[in-house]
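Q: structure here, sequence nowhere to be found:
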Ligand code: MN
């Protein structure tokens, strides 16, 4: 086979010689032959496909190590190279979604400072109830649920220290009930609070093999008087009932949800997947603890439900919707939701917090 000079190969692949030299240095595309005396690089015509693939993956923004991996797969198992690109892109989209949330948060947050944007709305308040139950199968309750005048939270612990872990995570937030939070400082306060919760869970988990698997989800909302600041890690959920419709406003940090996002699993398959509770983010040693954070504008007559997966896994969404629509008192609503979970076998601990946004009389 006739080898091509770098110039001819550059022309044929529509890459610059400079790019080709870079790919060589990075180990992405090694010339077929390098002249030991002159150092001139020569390429085989059948390297063109790989050169184009490298160029496309670079345009996609794929990191170099991952490009190397895709090229190796492409040489061996072509089907898997496609899967690797799909997985990479799903991750890009998930990261973008998280950045979009942060951007929304910042826009909301900065807009507060602009008097022309400040709401002329009536003053709002919340009423709330929390309830947690062991369920019918588990021996102990590792969930923790809390509702107070400013803080709503659900945590679902796992591992040998699951119960103290979920309790510690929520205890670490409780100072928000009384602290005065300077306006315009919510973002930092939320970040600090997650850091404190993380530390509290680590303290509970301890070190060594006993700590393995100990962790907790944490889904919490802080009432600011007109907004709910949301912090979310794991697979507990927040639903919003507004205008008669029910919306899930959190995204599960589970393996199966990632696979659904990547198009590798349908939502139906995910619901019955044996490893559906496997978390990709949680508070605990060795876990990805990066939270989703958002500032959510509340409206009069909004109803929020925070729940652990012990509810959402076994009670169909339409039944949750119906219970939230038909029962007016939060205390009664949380009791009914837990009764629904237990009527479906109560396989897991189940926790619910219901909070109603009310327009206050002035
Ligand atoms: Mn659970």
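A: On my side now, so go ahead. Everything quoted here is computed from the prediction, not taken from an experiment. Numbers count the residues shown, from 1 in each chain.
Q: how about the helix or strand where residue 337 lies and the ion, any contact?
A: Taking DSSP states H and E as the definition, residue 337 sits inside helix 330-343. No - legend: contact between helix 330-343 and the ion by CB under 5 Å from the ion is lacking; minimum distance shown is 10.5 Å. Where you see a C-beta, it was placed from the backbone N, CA and C, and this is true even at glycine.
Q: just checking, what packs against that helix?
A: strand 124-133, helix 309-312, helix 317-326, strand 350-359 (3 or more CB pairs under 8 Å, 6 or more residues apart in numbering; DSSP states H and E).
Q: to the ion, which of the ones you listed lies closest?
A: helix 309-312 (4.4 Å; CB to the ion).
Q: name the residues that touch the closest one?
A: 135, 143, 156, 235-237, 277, 320, 337-338, 340-341, 346-352 (CB atoms under 8 Å, 6 or more residues apart in numbering).
Q: touching the ion at all, it?
A: Yes - Helix 309-312 lies within reach of the ion by CB under 5 Å from the ion, at 309, 310.
Q: I'd like the mean pLDDT over that helix, please.
A: Across helix 309-312, the average pLDDT comes to 97.
Q: go on, stretch 12-30?
A: On average, stretch 12-30 scores 88.
Q: start at 18 instead
A: I'll keep to 18 as the first residue from here, and by that count the last item is stretch 29-47.
Q: how far does it stretch from start to finish?
A: With CA to CA, to the nearest Å applied, stretch 29-47 spans 16 Å between its terminal residues.
Q: swap in stretch 40-57?
A: Terminal-residue distance, stretch 40-57 (CA to CA): 15 Å.
Q: so what's the closest residue to the ion within the stretch 68-217 of the chain up against?
A: The nearest approach of the stretch 68-217 of the chain to the ion comes at residue 173, 4.3 Å away (CB to the ion). The contact partners of residue 173, by CB under 8 Å, 6+ apart, come to 159-160, 183, 233-234, 251-253, 325-327, 366, 368.
Q: neighbour count and distance to residue 33 for the residues you listed - can I get that in CSV?
A: As requested, the contacts of residue 173 are exported to CSV (neighbours: other CB atoms under 10 Å; distance: CB to CB, whole Å):
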residue, neighbour count, distance to residue 33
159, 27, 58
160, 30, 59
183, 33, 56
233, 36, 52
234, 28, 49
251, 31, 47
252, 27, 47
253, 30, 51
325, 31, 55
326, 24, 52
327, 28, 58
366, 27, 60
368, 32, 59
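Q: next, format the residues you listed as a markdown table and append distance to residue 88.
A: Below are the contacts of residue 173 laid out as a markdown table (distance: CB to CB, whole Å):
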| residue | distance to residue 88 |
| --- | --- |
| 159 | 45 |
| 160 | 46 |
| 183 | 45 |
| 233 | 40 |
| 234 | 38 |
| 251 | 36 |
| 252 | 35 |
| 253 | 40 |
| 325 | 43 |
| 326 | 40 |
| 327 | 45 |
| 366 | 47 |
| 368 | 48 |
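Q: can you list phi and psi of the residue nearest to residue 288 when sequence neighbours are not counted for me?
A: Distances taken as CB to CB, 6 or more residues apart in numbering place residue 330 nearest to residue 288, at 8.0 Å, with adjacent residues excluded. Dihedral angles of residue 330 (phi, psi; degrees, to the nearest 10) stand at phi -70, psi -40.
Q: how about residue 311?
A: phi -160, psi 150.
Q: cool, and residue 175?
A: Taking degrees, to the nearest 10 as the convention, residue 175 sits at phi -140, psi 160.
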